[in-house]
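**Student:** here is my input, please return the structure:
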Amino acid sequence: MTDDSLDSLLSDFWNWRLQQSPEFATMAGSKLYNHILEEFTEARFEADFEACKVFLARAKALGSVVGSEEKEELEFFEAEVETFVEGFPHGGYFFPINYMEGVQVDFQRLTEWAPPSDLKDFENVIARYRLFPAYIKQIVGVMQKAVSKGLTNHACSMKGVVDKCREHLAGEIQDSVFFAPFKAVNELLGDEAGSKVQEEAREAITDGMRLGFSILADFLEKEYVPACRKDVAVTSLPGGQELYKACLRFHTSTSLTAEEIHQRGLEEVKRIEDEMRIIIQELGLKLSLEEFIKQLRNDKQNFYGSAEELLGAFHTIIWDRVDPQLTKIFKAKPKGALEITRTPLADYPAAFYIAGTSDGARPSKLFVNTHKFDSQPKYEMVSLSLHEALPGHHLQGDYIQRDDWPEFRKVMEDRAYSQAPTRFPINTAYVEGWGLYSETLGHDLGLYSDPMDRYGHLSEEIFRACRLVVDTGMHALGWSREQAVQYMMDHTAASKENIVGEVDRYVTWPGQAVGYKIGQMKILELRKRAEQELGEKFDIKEFHEVVLKAAGPLDLLERKVDEHIKRTLSS
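**Tutor:** Reported below is the predicted structural model:
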């Protein structure tokens with residue numbers, strides 16, 4: 001017997017998570033540690049590893065004494081912690097900075113996650129600015145160790161990073177992105193207190209932020225970038241074969257090999273292209289697939305004429321066409337608000353979703369890249385809306401904010417992807433698999449009656465199928481970066497500029513891009529199994545409820561669906 005309880009275990013774990021990563025705590029909506037930064041040293045990650053082994057031991061001890069409902073929660077908890085424990089030996093923390101992630105682009109997000117609104121909040125921001133140089137020295141220390149071990153990024157993963165750091169050193173303080181949160185401080189605190197806070201902020205930016213970025217830029221320019229690996233494959237690094245296997249397991253939550261994933265990708269690309277050819281025939285066009293794609297690329301009528309037109313299209317699809325129909329296939333609509341807003345800069349995807357906080361203080365947001373309105377295909381909009389908003393990431397993200405769920409299941413650490421597999425899970429295959437599966441629900445909702453919308457769905461899907469081929473091709477099968485770009489040029493309608501950016505992302509985050517299609521294929525497989533075995537007893541709403549409740553690794557999802565089938569058959 002044990003005196004421990006599941007509630008105390010989960011509470012201890014969550015409090016420990018927030019304490020170990022104050023930045024994550026800020027993202028999760030907690031203000032407890034908004035005045036400090038995480039420790040970024042090998043010793044800290046080793047301590048995390050030891051702590052996680054203790055949490056796992058406590059969980060194992062509870063396994064024999066808790067009831068069936070608690071046992072289910074325990075399964076998800078063990079999967080959460082085991083992910084970090086299994087990934088720790090691969091040293092993901094040796095890769096903390098790349099062109100998509102790192103302090104040069106992420107540090108400013110802290111005040112986006114927790115906009116300061118009173119004196120204490122502003123003092124906390126200033127305190128973090130003052131701690132920044134010491135934090136940078138820790139990051140540099142870990143990256144110097146990485147260089148000595150031969151564990152470095154490829155040069156394409158570091159493009160523009162030094163320039164971005166230097167950018168933070170240039171210009172007037174009041175024009176700095178780090179001063180932006182302080183511009184309206186007088187309105188909140190009054191002129192006297194506000195002016196004092198602004199002066200402290202200026203000093204902290206000069207002596208803290210700018211000093212830190214100067215140290216980082218010099219190190220990257222003189223030591224790190226010259227030492228970047230020459231081969232795009234992560235498998236070219238010491239221990240790289242095992243690292244890539246671990247990355248695939250982290251992002252797919254399966255034991256599929258690179259060769260198996262590659263083959264699945266080739267098969268999916270062929271299947272999707274065959275379906276595309278059928279649509280071309282349906283449109284009455286006597287064009288090859290290649291000719292049709294070229295025609296789409298070159299016809300400006302297929303793209304938007306203004307930022308306002310693009311935003312309006314999202315609003316119409318999401319709120320007028322999708323939202324009213326959701327209860328046909330789901331038990332309930334999301335309770336939390338969803339704001340549709342613009343991305344602050346052009347260097348973002350076409351659209352992406354950021355979940356709000358469970359207390360509703362920060363609403364969920366769909367960010368739309370209105371800067372590139374004239375490159376967003378109209379025929380892909382239905383599929384994109386289904387994936388990023390409803391019933392994709394917003395419905396799923398809202399579902400996990402259930403009052404009866406523990407905090408570790410409500411908040412995914414949507415940052416530091418490059419530290420995989422040495423981090424807690426982001427459940428790539430489940431979360432992105434659900435997003436991609438949601439695109440297929442356009443058929444259930446009658447949204448693909450227009451052949452071009454249906455083609456757009458296939459166009460989005462083939463992009464994800466190509467990722468299976470290209471990611472494994474580069475990291476496991478000897479493909480060059482140029483070979484990867486050409487494959488995607490041959491099989492997708494995307495521009496070369498877009499594809500080069502995508503391929504560089506796959507180089508930088510090994511295995512991440514394969515999670516989407518692997519997860520979608522598993523959910524479709526489980527739906528087909530449930531439909532076949534249950535026959536007339538199959539209820540799409542009940543199936544979706546089971547899937548939504550099983551947010552986590554795919555093996556647990558499969559087990560929950562199988563239990564649902566067995567339960568339904570015996571009822």
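
**Student:** how about the helices in the stretch 301-450 of the chain?
**Tutor:** 307-315, 381-388, 393-399, 407-410, 428-444 (DSSP state H, counting those that start in this stretch).

**Student:** where in the stretch 201-350 of the chain is pLDDT low?
**Tutor:** The stretch 201-350 of the chain contains no residues with pLDDT under 70.

**Student:** returning to what we had before: any chance of the helices of the stretch 301-450 of the chain in CSV, plus mean neighbour count and distance to residue 299?
**Tutor:** In short, each C-beta sits where N, CA and C put it, glycine included. Shown next, in CSV, are these (neighbours: other Cβ atoms under 10 Å; distance: least, Cβ to Cβ, whole Å):
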stretch, mean neighbour count, distance to residue 299
helix 307-315, 16, 16
helix 381-388, 26, 16
helix 393-399, 23, 30
helix 407-410, 18, 44
helix 428-444, 23, 23
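
**Student:** let's have those helices in CSV, adding distance to residue 530.
**Tutor:** Below are those laid out as CSV (distance: least, Cβ to Cβ, whole Å):
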stretch, distance to residue 530
helix 307-315, 32
helix 381-388, 21
helix 393-399, 18
helix 407-410, 23
helix 428-444, 13
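
**Student:** for residue 483, which of those is the nearest?
**Tutor:** Nearest to residue 483, of all the helices of the stretch 301-450 of the chain, is helix 428-444, at 24.4 Å by Cβ to Cβ.

**Student:** which secondary structure elements does that closest one sit against?
**Tutor:** On a contact count with 3 or more Cβ pairs under 8 Å, 6 or more residues apart in numbering; DSSP states H and E, helix 428-444 meets helix 240-252, helix 381-388, helix 393-399, helix 451-476, helix 515-534, helix 554-570.

**Student:** how about those, which one is nearest residue 261?
**Tutor:** So among those, helix 451-476 is nearest, using Cβ to Cβ, at 5.1 Å.

**Student:** would you mind getting the angle between the very next helix or strand once past that closest one and helix 451-476?
**Tutor:** Next helix or strand after helix 451-476 toward the C-terminus (DSSP states H and E): helix 481-491. For helix 481-491 against helix 451-476, the angle by axes from the mean of the first three to the mean of the last three Cα atoms, to 10 degrees is 160 degrees.

**Student:** so how far is helix 481-491 off the chain centroid?
**Tutor:** Taking Cα atoms, centre = their mean, to the nearest Å, one finds the center of helix 481-491 at 24 Å from the center of the full chain.

**Student:** now swap in stretch 313-324 and tell me
**Tutor:** 24 Å.

**Student:** buried residues, it. List them.
**Tutor:** 313, 314, 317, 318, 321, 322, 323 (16 or more other Cβ atoms under 10 Å).

**Student:** and residue 1, what's its pLDDT?
**Tutor:** If you check residue 1, the pLDDT there is 45.

**Student:** the nearest residue to residue 381 once chain neighbours are set aside: what's it in contact with?
**Tutor:** Excluding the flanking residues, the one nearest residue 381 by Cβ to Cβ, 6 or more residues apart in numbering is residue 313, at 5.5 Å. Residue 313 sits next to 304, 378, 381 when contact means Cβ atoms under 8 Å, 6 or more residues apart in numbering.

**Student:** measure residue 313 to residue 340 for me?
**Tutor:** Counting by Cβ to Cβ, to the nearest Å, the gap from residue 313 to residue 340 is 11 Å.

**Student:** so what's the residue count around the closest residue to residue 183 other than its chain neighbours?
**Tutor:** Of all residues not flanking residue 183 in the chain, residue 174 sits nearest, at 7.7 Å (Cβ to Cβ, 6+ apart). By the criterion of other Cβ atoms under 10 Å, residue 174 has 13 neighbours.

**Student:** again, but for residue 197
**Tutor:** With other Cβ under 10 Å as criterion, residue 197 counts 21.

**Student:** kindly reformat the buried residues of stretch 313-324 as CSV containing distance to residue 351.
**Tutor:** Below are the buried residues of stretch 313-324 laid out as CSV (distance: Cβ to Cβ, whole Å):
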residue, distance to residue 351
313, 11
314, 7
317, 11
318, 11
321, 16
322, 14
323, 17
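
**Student:** so which two of those are the farthest from each other?
**Tutor:** Of all pairs in these, the most separated under Cβ to Cβ is 313 and 323 at 14.7 Å.

**Student:** so who does residue 123 touch?
**Tutor:** Counting by Cβ under 8 Å, 6+ apart, residue 123 has contacts 35, 197.

**Student:** so for the one helix or strand it maps to, what gets flagged as buried?
**Tutor:** Following DSSP H and E, one finds residue 123 within helix 119-149. Neighbour counts over helix 119-149 (16+ other Cβ under 10 Å) mark 121-122, 124-133, 135-136, 138-140, 142-143, 146-147 as buried.

**Student:** residue contacts, residue 48?
**Tutor:** Residue 48 neighbours (Cβ under 8 Å, 6+ apart): 20, 84, 88.

**Student:** of those - the most surrounded one?
**Tutor:** residue 84 (23 neighbours).

**Student:** was I right to think that residue contacts residue 419?
**Tutor:** No: with contact defined as Cβ atoms under 8 Å, residue 84 does not count as touching residue 419 (10.3 Å).

**Student:** find the centremost residue of this protein, please.
**Tutor:** residue 414 (5.4 Å; Cα atoms, centre = their mean).

**Student:** how close does it get to residue 311?
**Tutor:** When residue 414 is compared with residue 311 (using Cβ to Cβ), they lie 23 Å apart.

**Student:** now residue 464
**Tutor:** 25 Å.

**Student:** the residue of the chain lying at maximal distance from its centre: which element?
**Tutor:** Relative to the centre of the chain, and counting by Cα atoms, centre = their mean, the farthest-placed residue is residue 192 at 42.1 Å. Counting by DSSP H and E, the element that carries residue 192 is helix 191-204.
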